[in-house]
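Visitor: fold the following for me, if possible:
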Amino acid sequence: MKVNETRIKGLLVISPQVFPDDRGYFLEFYHAGKFQELGLPVAFLQDNESMSKKGVLRGMHFQEPPYAQGKLIRVVRGKIQDVAVDLRKHSTTYGQWESVILSGENKLMFWIPEGFAHGFVSLEEDTIVNYKCSQVYHPESEKTMAWNDPDLKISWDIKDPIISGRDRKAITFRDFNSPF
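Guide: Coordinates of the predicted model:
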């Protein structure tokens, strides 16, 4: 497993070792001992999977403490632009974002710790995203930040995404008082 740091402290891009052969491939995307060595959570409490059509944008979601979630994101099939926004008010990168292309082909994973808003846009049809969460879903703690917030200026790889009604009612970064 190879780990690359991003310009935002805490966000990591993880490359699992892939073992291809004439039957296909094998990879280990989670190993408690290796994650512990990296200082990452070893006890994930919930696994989620979504399937999205091309152009679907999900995000920017987060849960406030004490239900904040760290997420390990991977794509099983298809391709996404995955984005994390730093909501940690004492961080030198507060309000900045990082973007990573994850795909079934490149098999990269994105570790997003607590204190970040997370979202992605599907760049291919029938994209399947799988993610492990360090905390269970708690609807009363969930918040959504506007994917197209003018202060964040996220450069999405899409112009007119398909979004949910909930994501249309998102808060702005300017109106957000961070609990992180």
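Visitor: for the rest of this, base every contact and every neighbour count on C-alpha atoms.
Guide: OK.
Visitor: name the helix or strand for Asp167, please.
Guide: helix 165-168 (DSSP states H and E).
Visitor: just list what that helix packs against, helices and strands only.
Guide: Judged by 3 or more CA pairs under 8 Å, 6 or more residues apart in numbering; DSSP states H and E, the packing partners of helix 165-168 are strand 57-63.
Visitor: can you name every helix or strand that the strand it packs on contacts?
Guide: strand 116-122, strand 142-144, helix 165-168.
Visitor: returning to what we had before: for the helix holding Asp167, buried residues please.
Guide: Asp167 (16 or more other CA atoms under 10 Å).
Visitor: try stretch 9-20
Guide: 10-16.
Visitor: export these to CSV and tack on secondary structure?
Guide: As requested, the buried residues of stretch 9-20 are exported to CSV (DSSP: H, G, I helix; E, B strand; the rest coil):
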residue, secondary structure
Gly10, coil
Leu11, coil
Leu12, strand
Val13, strand
Ile14, strand
Ser15, strand
Pro16, coil
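Visitor: and the furthest pair within those?
Guide: Spatially, the most separated pair among those is Gly10 and Pro16, at 18.1 Å (CA to CA).
Visitor: grab the most central residue of the protein for me.
Guide: Centroid check for the chain by CA atoms, centre = their mean gives His118 as the closest residue, at 4.8 Å.
Visitor: would you mind identifying the next helix or strand past the helix or strand bottoming out on mean pLDDT in the chain?
Guide: Within the chain, no helix or strand scores below helix 32-38, which has a mean of 89 by mean pLDDT, DSSP states H and E. The helix or strand immediately downstream of helix 32-38 is strand 46-52, counting by DSSP H and E.
Visitor: thanks again, I'm all set now.
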